[in-house]
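Q: need a 3D model of the sequence below.
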Amino acid sequence: DNSDDEDDDDEALVGFQRKIVPIDSLNLSLEDSQQQSLRNAAGRKRQELIVCATFVDKIPNLGGLARTSEIFAADKLVIADKRVVKMDNFKSISVSAGDWIPIEEVKEEDLMKWLRQKKDEGYTIVGLEQTSTSTSLHTHQFDSKTVLLLGKEKEGIPVEYLQLVDTCLEVPQLGIIRSLNVHVTGAISIWE
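A: Next up is the predicted model:
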(Lines give C-alpha, C1' and ligand atoms only; values in the text may rest on other atoms or scores of the structure.)
Protein backbone atom coordinates (compact mmCIF):
# COMPACT_ATOMS: atom_id res chain seq x y z
CA ASP A 1 0.00 0.00 0.00
CA ASN A 2 1.49 3.25 -1.22
CA SER A 3 -0.48 5.56 1.16
CA ASP A 4 1.34 4.13 4.23
CA ASP A 5 4.70 5.01 2.67
CA GLU A 6 3.49 8.55 1.96
CA ASP A 7 2.29 8.95 5.59
CA ASP A 8 5.72 7.83 6.87
CA ASP A 9 7.46 10.28 4.52
CA ASP A 10 5.20 13.14 5.66
CA GLU A 11 5.83 12.29 9.33
CA ALA A 12 9.60 12.29 8.74
CA LEU A 13 9.39 15.72 7.08
CA VAL A 14 7.29 17.14 9.92
CA GLY A 15 9.66 15.68 12.53
CA PHE A 16 12.63 17.14 10.65
CA GLN A 17 11.24 20.67 10.99
CA ARG A 18 10.34 20.43 14.70
CA LYS A 19 12.26 22.49 17.18
CA ILE A 20 14.11 20.04 19.37
CA VAL A 21 14.68 22.45 22.27
CA PRO A 22 11.46 23.76 23.86
CA ILE A 23 11.37 27.56 23.95
CA ASP A 24 11.41 27.63 27.77
CA SER A 25 14.63 25.63 27.81
CA LEU A 26 16.10 27.87 25.14
CA ASN A 27 15.34 31.00 27.21
CA LEU A 28 16.95 29.42 30.29
CA SER A 29 19.99 28.53 28.21
CA LEU A 30 20.30 32.15 27.00
CA GLU A 31 20.02 33.42 30.59
CA ASP A 32 22.73 30.98 31.69
CA SER A 33 24.93 32.18 28.84
CA GLN A 34 24.47 35.82 29.91
CA GLN A 35 25.31 34.95 33.52
CA GLN A 36 28.41 33.04 32.41
CA SER A 37 29.66 36.09 30.47
CA LEU A 38 29.74 37.94 33.81
CA ARG A 39 32.18 35.34 35.14
CA ASN A 40 35.70 34.46 34.11
CA ALA A 41 36.94 30.99 33.18
CA ALA A 42 37.58 30.22 36.86
CA GLY A 43 33.91 30.98 37.61
CA ARG A 44 34.64 34.19 39.49
CA LYS A 45 32.69 37.39 38.90
CA ARG A 46 34.45 39.72 36.48
CA GLN A 47 35.23 43.23 37.63
CA GLU A 48 33.52 46.00 35.70
CA LEU A 49 36.99 47.08 34.67
CA ILE A 50 38.12 47.51 31.09
CA VAL A 51 41.86 47.78 30.62
CA CYS A 52 42.46 49.98 27.59
CA ALA A 53 45.94 49.40 26.14
CA THR A 54 45.35 50.83 22.68
CA PHE A 55 48.42 53.07 23.03
CA VAL A 56 50.67 50.19 24.10
CA ASP A 57 52.54 48.67 21.18
CA LYS A 58 55.29 46.50 22.67
CA ILE A 59 54.30 42.82 22.58
CA PRO A 60 55.82 41.92 25.99
CA ASN A 61 53.80 44.69 27.65
CA LEU A 62 50.58 43.57 25.93
CA GLY A 63 51.21 39.94 26.88
CA GLY A 64 51.84 40.93 30.48
CA LEU A 65 48.71 43.10 30.56
CA ALA A 66 46.62 40.24 29.17
CA ARG A 67 47.96 37.92 31.84
CA THR A 68 47.40 40.44 34.64
CA SER A 69 43.92 41.36 33.37
CA GLU A 70 42.89 37.72 33.30
CA ILE A 71 44.38 36.92 36.72
CA PHE A 72 42.52 39.79 38.38
CA ALA A 73 39.24 39.15 36.49
CA ALA A 74 39.06 42.34 34.42
CA ASP A 75 36.07 42.44 32.10
CA LYS A 76 38.20 42.83 28.99
CA LEU A 77 41.44 44.08 27.51
CA VAL A 78 41.37 46.59 24.66
CA ILE A 79 44.30 46.68 22.24
CA ALA A 80 45.00 48.35 18.90
CA ASP A 81 45.54 45.17 16.88
CA LYS A 82 44.13 41.73 17.74
CA ARG A 83 46.63 40.00 15.46
CA VAL A 84 49.08 40.40 18.34
CA VAL A 85 47.41 37.57 20.29
CA LYS A 86 48.55 35.07 17.65
CA MET A 87 52.22 36.02 17.99
CA ASP A 88 54.51 33.58 19.79
CA ASN A 89 56.01 36.29 22.01
CA PHE A 90 52.55 37.35 23.19
CA LYS A 91 51.49 33.74 23.81
CA SER A 92 54.66 33.01 25.75
CA ILE A 93 54.32 36.00 28.08
CA SER A 94 50.53 35.90 28.46
CA VAL A 95 50.66 32.15 29.26
CA SER A 96 47.37 31.60 27.35
CA ALA A 97 45.56 34.50 29.06
CA GLY A 98 44.51 35.64 25.58
CA ASP A 99 42.33 32.52 25.46
CA TRP A 100 40.54 33.37 28.71
CA ILE A 101 39.91 37.10 28.69
CA PRO A 102 37.86 38.93 26.08
CA ILE A 103 40.12 41.09 23.93
CA GLU A 104 38.60 43.91 21.90
CA GLU A 105 40.33 45.73 19.07
CA VAL A 106 40.08 49.54 19.10
CA LYS A 107 42.52 51.32 16.83
CA GLU A 108 44.01 54.62 17.97
CA GLU A 109 42.04 56.58 15.36
CA ASP A 110 38.79 55.13 16.82
CA LEU A 111 39.74 55.45 20.49
CA MET A 112 38.28 58.90 21.18
CA LYS A 113 34.87 57.82 19.90
CA TRP A 114 35.11 54.52 21.84
CA LEU A 115 35.97 56.33 25.09
CA ARG A 116 33.05 58.73 24.65
CA GLN A 117 30.76 55.74 24.05
CA LYS A 118 32.00 54.13 27.29
CA LYS A 119 31.30 57.38 29.14
CA ASP A 120 27.76 57.34 27.71
CA GLU A 121 27.45 53.77 29.05
CA GLY A 122 28.27 55.01 32.56
CA TYR A 123 31.98 54.18 32.73
CA THR A 124 34.47 56.43 34.48
CA ILE A 125 37.62 56.97 32.41
CA VAL A 126 40.73 56.79 34.59
CA GLY A 127 44.03 57.72 33.01
CA LEU A 128 47.29 56.37 34.42
CA GLU A 129 49.53 59.37 33.95
CA GLN A 130 51.78 61.68 35.92
CA THR A 131 50.23 65.14 35.58
CA SER A 132 50.11 68.22 37.80
CA THR A 133 46.62 67.16 38.93
CA SER A 134 47.13 63.37 39.24
CA THR A 135 46.10 61.79 42.51
CA SER A 136 47.80 58.89 44.20
CA LEU A 137 46.53 55.46 43.19
CA HIS A 138 46.25 54.19 46.77
CA THR A 139 43.90 57.02 47.82
CA HIS A 140 41.53 56.64 44.86
CA GLN A 141 38.15 54.93 45.21
CA PHE A 142 37.35 53.25 41.90
CA ASP A 143 33.81 53.47 40.56
CA SER A 144 32.12 50.18 39.79
CA LYS A 145 32.40 50.74 36.02
CA THR A 146 35.89 51.89 35.07
CA VAL A 147 37.98 52.13 31.93
CA LEU A 148 41.66 52.17 32.86
CA LEU A 149 43.46 54.09 30.09
CA LEU A 150 47.16 53.30 29.72
CA GLY A 151 49.55 55.55 27.83
CA LYS A 152 52.27 55.03 25.27
CA GLU A 153 55.49 53.42 26.49
CA LYS A 154 57.57 56.61 26.42
CA GLU A 155 55.18 59.52 25.90
CA GLY A 156 52.25 58.51 28.11
CA ILE A 157 48.67 59.49 27.31
CA PRO A 158 48.39 62.09 24.50
CA VAL A 159 47.15 65.51 25.67
CA GLU A 160 43.89 65.40 23.69
CA TYR A 161 42.92 62.22 25.59
CA LEU A 162 43.84 63.69 28.98
CA GLN A 163 41.06 66.22 28.42
CA LEU A 164 38.58 63.34 28.14
CA VAL A 165 39.53 61.38 31.27
CA ASP A 166 37.58 61.85 34.47
CA THR A 167 40.67 61.58 36.64
CA CYS A 168 44.38 60.83 36.36
CA LEU A 169 46.12 58.54 38.79
CA GLU A 170 49.77 57.83 39.41
CA VAL A 171 51.62 55.18 41.36
CA PRO A 172 53.61 56.80 44.19
CA GLN A 173 57.35 56.42 43.56
CA LEU A 174 60.22 56.66 46.01
CA GLY A 175 63.22 56.34 43.67
CA ILE A 176 64.99 58.56 41.17
CA ILE A 177 63.66 56.94 37.96
CA ARG A 178 60.72 59.02 36.70
CA SER A 179 58.26 56.30 35.74
CA LEU A 180 57.42 52.62 35.82
CA ASN A 181 57.01 50.36 32.80
CA VAL A 182 53.44 50.63 31.44
CA HIS A 183 52.75 46.95 32.15
CA VAL A 184 53.93 47.29 35.75
CA THR A 185 51.85 50.43 36.30
CA GLY A 186 48.86 48.72 34.72
CA ALA A 187 49.33 45.61 36.85
CA ILE A 188 49.52 47.58 40.10
CA SER A 189 46.42 49.59 39.14
CA ILE A 190 44.42 46.54 38.06
CA TRP A 191 45.18 44.90 41.39
CA GLU A 192 44.20 48.03 43.29
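Q: next, count neighbours for residue 181.
A: 13 (other CB atoms under 10 Å). For glycine as for every other residue, the C-beta is placed from the backbone atoms N, C-alpha and C.
Q: do the same with the one 5 residues further on
A: The local packing of residue 186 (other CB under 10 Å) involves 27 other residues.
Q: show me the contacts for residue 145.
A: 48, 121-124 (CB atoms under 8 Å, 6 or more residues apart in numbering).
Q: likewise residue 74?
A: 46-47, 49-51, 101, 190.
Q: what's the offset of the helix or strand containing residue 185 from the middle of its chain?
A: Applying DSSP states H and E as the criterion places residue 185 in helix 182-191. Distance of helix 182-191 from the chain centroid (CA atoms, centre = their mean, to the nearest Å) equals 15 Å.
Q: begin at 600 from here
A: Happy to do that; since the first residue is 600 now, the last one works out to helix 781-790.
Q: list the buried ones in that helix?
A: Across helix 781-790, burial judged by 16 or more other CB atoms under 10 Å covers 781-782, 784-786, 788-789.
Q: quick check: residue 765 vs residue 783, distance?
A: 23 Å (CB to CB, to the nearest Å).
Q: in a markdown table: the buried residues of helix 781-790, plus pLDDT.
A: Formatted as a markdown table, the buried residues of helix 781-790 follow (pLDDT from 0 to 100):
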| residue | pLDDT |
| --- | --- |
| 781 | 90 |
| 782 | 87 |
| 784 | 89 |
| 785 | 89 |
| 786 | 90 |
| 788 | 91 |
| 789 | 87 |
